[in-house]
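Can you look at this prediction? I've put the sequence above it.
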Amino acid sequence: GFPRTLGQAQALDRICELDLVISLNIPFETLKDRLSARWVHPASGRVYNMDFNPPHIQGVDDLTGEPLVQREDDKPEAVAARLRKYKDAAKPVIELYKSRGILHSFSGTETNKIWPYVYTLLSSKIPPLLSE
């Protein structure tokens with residue numbers, strides 16, 4: 001997400017005024033498992049997830065047949081460290097937007113269960129586009 005740090009939030013304040021901030025509260029283990037299951041095809045940047053979007057043949061890109069790699073920062077130990085660092089850095093950002101009354105938080109583990117609530121919020125804030 002962005003902004004991730006208080007400095008980034010302050011820089012964003014200088015160029016625009018936010019009236020809505022969404023925070024998705026996903027359990028640490030869910031995030032760690034999802035990120036740790038990510039593999040990529042380096043040449044194209046295609047991303048696979050071994051849990052919900054695996055390649056047809058394990059470890060091989062669907063289009064080229066070339067090997068997939070797991071980035072160093074997607075390995076379980078690195079993911080855990082990244083998430084701890086993010087939580088510490090993001091806490092003041094969350095508090096800032098909460099104090100302004102513009103923070104809307106949603107919790108869960110599955111996109112299809114969280115999205116309807118996020119969509120409802122966004123739909124109430126953004127007028128629909130009218131087609132001509």
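Okay, I see it. The model shown is predicted, which means the values in this text are computed figures rather than measured ones.

Can you pull out the low-pLDDT segments for this structure?
Within the chain, the stretches with pLDDT under 70 are 131-132.

In it, mark out all the helices, start to finish.
Secondary structure of the chain, counting by DSSP state H: helices at 6-15, 28-36, 76-99, 111-125.

Include distance to A43 and mean neighbour count when you put the ones you listed into a markdown table, please.
All C-beta spots, glycine's among them, are computed from the backbone N, C-alpha and C. Shown next, in a markdown table, are the helices of the chain (distance: least, CB to CB, whole Å; neighbours: other CB atoms under 10 Å):
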| stretch | distance to A43 | mean neighbour count |
| --- | --- | --- |
| helix 6-15 | 31 | 12 |
| helix 28-36 | 21 | 15 |
| helix 76-99 | 22 | 14 |
| helix 111-125 | 28 | 11 |
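
Disregarding residues adjacent in the polypeptide, which is nearest to Q70?
Closest residue in space to Q70, ignoring its immediate chain neighbours: W39 at 5.2 Å, by CB to CB, 6 or more residues apart in numbering.
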